[in-house]
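Visitor: okay, here's the prediction I keep looking at, along with the sequence it came from:
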Amino acid sequence: MEETWEPKIVAFLCNWCSYAGADLAGSSRLQYPPNVRVVRVPCSGRVSPIIIVAALRQGMDGVLVSGCHPGDCHYLAGNYYARRRFTLLQRYLEYLGIEPGRVQFTWISASEGTRFAEVITEVTESVRALGPAQRLTINPREVQP
Amino acid sequence: MPEAYHLPSGQYDAWLATLRRHGRLIAPVMREGEYRFDVLADDELPMLGRGLTRRSPKWVFFPQHEAMLRFRRQADDYASAEVAQPNNTPQVLLGVAPCDAASLPMLDRIFMDNYHDPYYAARRRNTLVIALACARPTSTCFCHALGGGPADAAGADLLLTVIDGGYLLETITPAGQSAAAGWGLDPADGDHREQATRAHAVAVEKLKPIESLAGIEAKLEGLFNHPLWREAAEKCIACGTCTYNCPECHCFDIRDLPLADGGERVRGWDACMYAQFTVHASGHNPRPDQGARWRQRIMHKFSYLPANIGLYGCVGCGRCITSCPVRLDIRQVLDAVRRALPEEASRGTV
Amino acid sequence: MSQLPAEVRACIAEWLAQGEIDLFIGYEASSLPFQATPAFIRQPEEVDRLIWDATCENNLVSFLKRYRGQKVGIMLKGCDARSLVSLMREGQWIRERLRIVAAACPGVLDVRRMVELAHTEIENLPGQLLPQGWQHGETLTPLADIRHVTCALCLQHTPTDYDLLVGDPPPEEHPDSFAAVREIEALSSDERWQFFTQELSKCNLCYTCRNTCPMCYCNVCFVDQDAPRWFTATTAPPDIHFYQVMRTFHLAGRCAGCYACTRVCPQGVNLWLLLDKLRADVWELYQDDAGTNPDAKPPLTTYREEDDNSFVL
């Protein structure tokens, strides 16, 4: 059991925009919380809902998916398709009782290094406020008092 | 002649209290709209005599989720593993139908004969099985086609029969005898025994006449490649509910379940009805269609088990019939087996 | 049990004899009272086995995936027809290869509920519990009282597209089918989680819901995949939750609300409470109903630039 709990967050970033945005944040030496594990994906449209739910199942406290802004998709419309799936998934998970904020979506372009750092800070803080994930996870931990 | 005791209604509550002192009490109750066997709360009363539970009580000995090994990740990133210990909690399984009790001698052969399964054996050793003579056979019952009956006590330690103003309690096994000897009940008199015999006869009367299945294993010889399997299985949706609810089906799979900083190796039920059940690592599946899977189900129960252990893998409880989402009736499949001619079997696969 | 009308049987026999269909999938009496079983008819002389009444509960559309490439005749209730529409708009079947016998369905019996009400075995059900117009006995209970709970949500009693019709179409009810979803939405997050974990605790992972769903036609279901292996398939709650959440979500924009999964669940899990949320959201966001227009594009295979974007950070 960890002494102090730190949220574990996985971020699925599209190769063409959000991953480059993360790169820019890094090369600009911007500070953001180290709680995020980045997984580079070709497009936000690649992120099947099962990957998101499997991440929660395997003990992630939060999941972030970020792609190109609508209209900017490298593959023209991948993020539009993704947007429909993610809208439904987020509503569905909340309906089932998963706390709002566990699964987040956003669009970050290659030039938005600052915004990347802000989003990661925001997501980390909101997941921290929720505490360790207890639902859908195979890894339920006691909430530290 | 087995010993018999009289359990008048007035002593029933005290007797239940005695059973609870003997071990944790498992009996039929209504839970979430389902009539099923469950562990009773301290003040909970069993609901006896409402016919068969939807699911069989085989989980008492062979649970759907059995941890066999637990492993943990250590601080230095090494893993430690610990073999799960068999459960030696004393238990009383009360109100088992004679057909469910009849499944136990067969399961004993599977889990305690050639291969000795410590988990099953510990539960069997520590569980007192009290059967309740069946008073309401239904149209789906066919225990009598397999040599069983509403008052057949094989597999049970004790047998209860409802008589006027209480129960007759007959001891069947030495374990049952020694348990009952300490319960302070009066011995039954001739009238009690006679009433019980009458009740048994009334239940037998209610059974639909049916052709015996004895010897069907001989008929199954030569039907391996018969078209009847595919025809019988056409409506099957491969859900496996028949096998889950069956008191005799005992196939399992072993899986590693990851948990907080470690995990457990779990033995869980599996079923011949699933395509995945026999799929090879290469992708080849020797049972390519549902017909082949149904053939396995029938052959295992009515041919291979009689050949290997001398017992059928079916007690005729009829749960597979009543719980089937498409009402595929195993009796009709067995009728088709009876009617089938070996010369119709092709040399190819089904 | 009510045999299909003679003229309908004759017509099916004719289809079979003329080779217009290779197979007719309908219902016949099972060995159990008040429960029909799917029938697969290939010879014209077998059509006399076919029945239609309130015991014909299974959705036969789920069998179609096995007969790809064949010409099939099929018996459909209103709800089943809706699931066929969803299947057709995904290109999984074409109308030209089907002959549809539509059943005007006032609802199907919930035998489990009847047995509960009567406190007896199925075969001993008293006459008072039989639905109105039942040929076997007294007719005291209106069907509405003993039809399946999902029939109260009926979206369509009678198929709209058919070759033959059996029975008199009852008036369509247009219930507020999302009322239960709205009720659950009004609960707190914790209450909802508690509600669904309780409901799903009944599940014993038999996959009957998947196997009976007309829309579950993946060649290899995610639960059976080995690489990657998505979950362990034990009956531990996280595994049950993973299965139910992912299977139902895979039906987002595809579920037509036939509720066959709920009717066949051996454990009585109210799966419709999950699926209706998805249907409610798809309707609200994309104005799509999977069961109405076979030419419409499934909502998750298309998009609009002005789609809701409010959920992103």
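Guide: It's in.

Visitor: CA atoms for contacts and neighbours, from now on please.
Guide: Fine.

Visitor: what sits up against the strand or helix carrying residue B:102?
Guide: In the assignment (DSSP states H and E), residue B:102 maps to helix B:98-112. Residues outside helix B:98-112 that contact it (Cα atoms under 8 Å, 6 or more residues apart in numbering or on different chains): B:56-58, B:117, B:120-121, B:129, B:131-134, B:143, B:148-156, B:247-248, B:250, B:309, B:311-317.

Visitor: state the distance from the residue of the stretch 51-200 of chain B found nearest chain A to chain C.
Guide: At 9.7 Å from chain A, residue B:75 is the closest residue in the stretch 51-200 of chain B, using Cα to the nearest Cα. The gap separating residue B:75 from chain C is 25 Å, by Cα to the nearest Cα, to the nearest Å.

Visitor: number of nearby residues for that residue?
Guide: Residue B:75 is flanked by 9 other residues according to other Cα atoms under 10 Å in any protein chain shown.

Visitor: and what of residue B:257?
Guide: Using other Cα under 10 Å, residue B:257 has 19 other residues around it.

Visitor: so which residues of the stretch 151-300 of chain B form helices?
Guide: Using DSSP state H, counting those that start in this stretch, the helices found in the stretch 151-300 of chain B span residues B:174-181, B:190-206, B:216-220, B:228-232, B:241-245, B:290-299.

Visitor: wait, does the fourth one contact chain C?
Guide: If I follow you right, that is helix B:228-232. No. Residues of helix B:228-232 contacting chain C under Cα under 8 Å from any Cα of the partner chain: none, with a closest distance of 9.3 Å.

Visitor: extract the C-alpha trace of that helix and format it as CSV.
Guide: Provided in CSV are the C-alpha atoms of helix B:228-232 (Å, rounded to 0.1, in the frame of the first residue of the first chain):
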residue,chain,number,x,y,z
LEU,B,228,-29.1,-35.7,-35.4
TRP,B,229,-26.6,-33.6,-33.5
ARG,B,230,-26.7,-30.7,-35.9
GLU,B,231,-30.5,-30.9,-36.2
ALA,B,232,-30.9,-31.0,-32.4
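
Visitor: what are the buried residues along that helix?
Guide: B:228-230, B:232 (16 or more other Cα atoms under 10 Å in any protein chain shown).

Visitor: ok, now the first one?
Guide: Of the residues in helix B:174-181, those buried by neighbour count under the rule 16+ other Cα under 10 Å are B:175-177, B:179-180.

Visitor: so what secondary structure elements neighbour that helix?
Guide: For helix B:174-181, there is no helix or strand it packs on, judged by 3 or more Cα pairs under 8 Å, 6 or more residues apart in numbering or on different chains; DSSP states H and E.

Visitor: contacting residues around it?
Guide: Residues outside helix B:174-181 that contact it (Cα under 8 Å, 6+ apart) are B:3, B:128, B:157-158, B:171.

Visitor: neighbours of residue 114, just the number please.
Guide: Using chain A. As a burial measure, residue A:114 scores 19 neighbours (other Cα under 10 Å).

Visitor: not quite, I wanted chain C
Guide: Around residue C:114 there are 22 residues (other Cα under 10 Å).

Visitor: cool, residue B:197 as well?
Guide: Neighbour count of residue B:197, defined by other Cα under 10 Å: 14.

Visitor: let me know the pLDDT of it.
Guide: Reported pLDDT at residue B:197 in the predicted model: 95.

Visitor: kindly report the same for residue C:146.
Guide: Predicted confidence (pLDDT) for residue C:146: 80.

Visitor: possible to save the buried residues of helix B:228-232 as JSON lines with pLDDT and distance to residue B:89?
Guide: Shown next, in JSON lines, are these (pLDDT from 0 to 100; distance: Cα to Cα, whole Å):
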{"residue": "B:228", "pLDDT": "93", "distance to residue B:89": "47"}
{"residue": "B:229", "pLDDT": "94", "distance to residue B:89": "44"}
{"residue": "B:230", "pLDDT": "91", "distance to residue B:89": "45"}
{"residue": "B:232", "pLDDT": "91", "distance to residue B:89": "43"}
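
Visitor: between those residues, which is nearest chain C?
Guide: Among the buried residues of helix B:228-232, residue B:232 lies closest to chain C (Cα to the nearest Cα), at 10.6 Å.

Visitor: how much space separates that closest one from residue B:324?
Guide: Distance, residue B:232 to residue B:324, using Cα to Cα, to the nearest Å: 14 Å.

Visitor: element containing residue B:86?
Guide: Here residue B:86 sits in a region with no helix or strand, counting by DSSP H and E.

Visitor: farthest-separated two in the buried residues of helix B:174-181?
Guide: The most widely separated members of the buried residues of helix B:174-181 are B:175 and B:180, with 8.6 Å between them, by Cα to Cα.

Visitor: centre-most residue in chain C?
Guide: Centroid-nearest residue in chain C, with Cα atoms, centre = their mean: residue C:260, separated by 2.7 Å.

Visitor: quick check: that one touching residue C:215?
Guide: No. Between residue C:260 and residue C:215 there is no contact under Cα atoms under 8 Å: 10.8 Å.

Visitor: identify the residue spatially nearest to the residue in chain B positioned nearest to chain A, adjacent ones excluded.
Guide: Using Cα to the nearest Cα, the single residue of chain B nearest to chain A is residue B:260, 4.2 Å away. In space, and not counting its chain neighbours, residue B:260 is closest to residue A:139: 4.2 Å by Cα to Cα, 6 or more residues apart in numbering or on different chains.

Visitor: how many other residues sit next to the one you found?
Guide: Neighbours of residue A:139 (other Cα under 10 Å): 23.

Visitor: any idea whether it is helix, strand or coil?
Guide: On the three-state scheme (DSSP: H, G, I helix; E, B strand; the rest coil), residue A:139 is labelled coil.

Visitor: what sits against it?
Guide: Counted by Cα under 8 Å, 6+ apart, residue A:139 has contacts A:57-59, B:259-261.

Visitor: domain-wise, how is chain C divided?
Guide: The record, using automatic domain parsing to delimit domains, assigns chain C the ranges C:111-146, C:179-301.

Visitor: confidence-wise, which of these is weakest overall?
Guide: Ranked by mean pLDDT, these bottom out at domain C:111-146, with a mean of 62.

Visitor: count of neighbours near the residue nearest to residue C:212 when sequence neighbours are not counted?
Guide: Using Cα to Cα, 6+ apart and skipping residues adjacent in sequence, the residue nearest residue C:212 is residue C:62, 5.7 Å away. Neighbour count of residue C:62, defined by other Cα under 10 Å: 22.
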